[in-house]
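Visitor: Here is my input; please provide its structure:
(one chain, ligands or ions: 1)
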Amino acid sequence: MSRFLSQRLLSLDAYVPGEQPTDMEFIKLNTNESPYPPPPGVVSAINAEEIEKLRLYPSPDGNILIDKLAKFYGVNTDNIIIGNGSDELLAFAFLAFCDKTRHICFPDITYGFYPVYAELYDLPYEQIPLKEDFTIGVSDYFGVGKNIIIANPNAPTGIALKLIEIESILKTNPDHVVLIDEAYVDFGADSAIPLIKKYDNLIVMHTYSKARSMAGARLAYAIASAALIEDLNRMKYSFNPYNVNRLTQVAGIAALDNDDYYKEKQREIIETREDAKSRLRDLGFIMTDSMANFLFTMHPDVSGADLYAALRSRGILVRHWNKARISDYLRITVGTKEQMDLLIAAMSDILSQTHK
Ligand SMILES: *Cc1c(COP(=O)(O)O)cnc(C)c1O
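Guide: Numbers count the residues shown, from 1 in each chain. Next comes the predicted model:
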């Protein structure tokens, strides 16, 4: 680091993204990307004409994409904002709604970026422990007197809350913002979007990175009451009005015209996930009932660190955290059926060489 670094960054542990090796030698099950490419309609939408238009700035409000999203979800255009990935929209939400008097809380085990943003912006936050079985203690959030952010399904556990549980949190916190991060909702949980009309304190966030096979495009959106969206826009126009580039907006529009393709791929991933769950259980693995495109699993005979290293040496990348409560667990992205076959073969090979 330089001698010029600010105090703010000096004391911050930055978010550590999963590895992105460039040699493609690995079976990559470490960052919850889709194993499937975007549909042909998205590929053909990025054509020479759109590339030539790169000389122009993109639409700052993304109105064509927002019109489409509004129709898709049955909400008004003033209920939506688009962002350069959920990570950017999350940052906007932290800055727009939290300060020294408006604290924020989230589970102790959840998406690693939440505490990083709270630290970066020097916002007071509380981490509420998950229960022993990694479920969220819903009543812990009743009338908590803080803004709340919950990933549903949660990451890296994959466990989903029911809509009536989310509603009970919304009801008991009418004076605080409740942000539901639905990055994985399309793999089997219920979306809170229908609750937007009833609760003016709810923000629902979606990303194209996971279920829409476009992690590389960096596109996400938040849906909320018009007033909350106005606040997020005030933040966006104070930071980067052209936050979503032209090609990404074009791809995002085309993706919505190809929803049947995505529905089919999502079904396939769910099927592969459930199949992998039962085959890993047969090998003695213990796991949560993940409703996401990943598994959260451990084996009583091998530590998480050893299992991670043994998989890596066999060319399979997964995610492991050296963190209290979850250091024996791995988060394994659900890939294609073939990739999961290779994973399970590697697991049984590793276990056959493990003597307790
Ligand atoms: C992947 C992920 C994100 C980030 O999504 P991007 O749109 O790629 O920035 C946000 N929240 C959760 C819970 C995630 O797992």
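
Visitor: quick one: residue 105 from residue 215, how far?
Guide: Distance of residue 105 to residue 215, given as CB to CB, to the nearest Å: 28 Å. Backbone N, C-alpha and C define where each C-beta goes, glycine included.

Visitor: Pick out the residue of the stretch 251-356 of the chain closest to the ligand.
Guide: residue 292 (8.1 Å; CB to the nearest ligand atom).

Visitor: okay, now residue 137: neighbour count?
Guide: By other CB atoms under 10 Å, 12 other residues sit near residue 137.

Visitor: what residues are up against it?
Guide: For residue 137, the contact set (CB atoms under 8 Å, 6 or more residues apart in numbering) comprises 128, 129, 130, 131.

Visitor: that's a strand at residue 131, yeah?
Guide: No: applying DSSP: H, G, I helix; E, B strand; the rest coil, one finds residue 131 to be coil, outside a strand.

Visitor: gap between the closest residue to it other than its chain neighbours and residue 112?
Guide: With CB to CB, 6 or more residues apart in numbering as the criterion, residue 131 has its nearest non-adjacent residue at 5.2 Å, and that residue is residue 137. Separation of residue 137 from residue 112 (CB to CB): 20 Å.

Visitor: Any idea how many residues pack against residue 16?
Guide: With other CB under 10 Å as criterion, residue 16 counts 9.

Visitor: element containing it, please.
Guide: For residue 16, there is no enclosing helix or strand under DSSP states H and E.

Visitor: That one: what's its closest spatial neighbour, skipping adjacent residues?
Guide: residue 112 (7.4 Å).

Visitor: re the thing from before, neighbour-wise, which of the contacts of residue 137 leads?
Guide: residue 130 (20 neighbours).

Visitor: which residues sit in contact with it?
Guide: 107, 108, 109, 136, 137, 154, 157, 325.

Visitor: Same check on residue 204?
Guide: 179, 180, 182, 191, 192, 193, 195, 196, 222, 223, 224.

Visitor: Now, those residues that are in strands?
Guide: 179, 180, 222, 223, 224 (DSSP state E).

Visitor: what's the farthest-apart pair in those residues?
Guide: Farthest pair in these (CB to CB) is 179 and 223. Separation: 11.0 Å.

Visitor: what does the chain have sitting close to the ligand?
Guide: Within reach of the ligand by CB under 6 Å from any ligand atom, the chain has these residues: 32, 85-87, 111, 151, 155, 181, 183, 207, 209, 215, 220.

Visitor: Looking at the contacts of residue 137, spot the one nearest the ligand.
Guide: Looking across those and measuring by CB to the nearest ligand atom, the closest to the ligand is residue 130, at 14.5 Å.

Visitor: pLDDT score for the closest one?
Guide: As predicted, residue 130 sits at a pLDDT of 98.

Visitor: if I look at it, how far off is residue 276?
Guide: For residue 130, the distance to residue 276 - CB to CB - is 23 Å.

Visitor: And residue 226, by the same measure?
Guide: Distance from residue 226 to residue 276, by CB to CB: 42 Å.

Visitor: Measure how far the helix or strand bottoming out on mean pLDDT in the chain is from the centre of its chain, please.
Guide: Least confident helix or strand of the chain, by mean pLDDT, DSSP states H and E, is helix 7-10 with a mean of 87. Relative to its parent chain, helix 7-10 has a centroid offset of 26 Å by CA atoms, centre = their mean, to the nearest Å.
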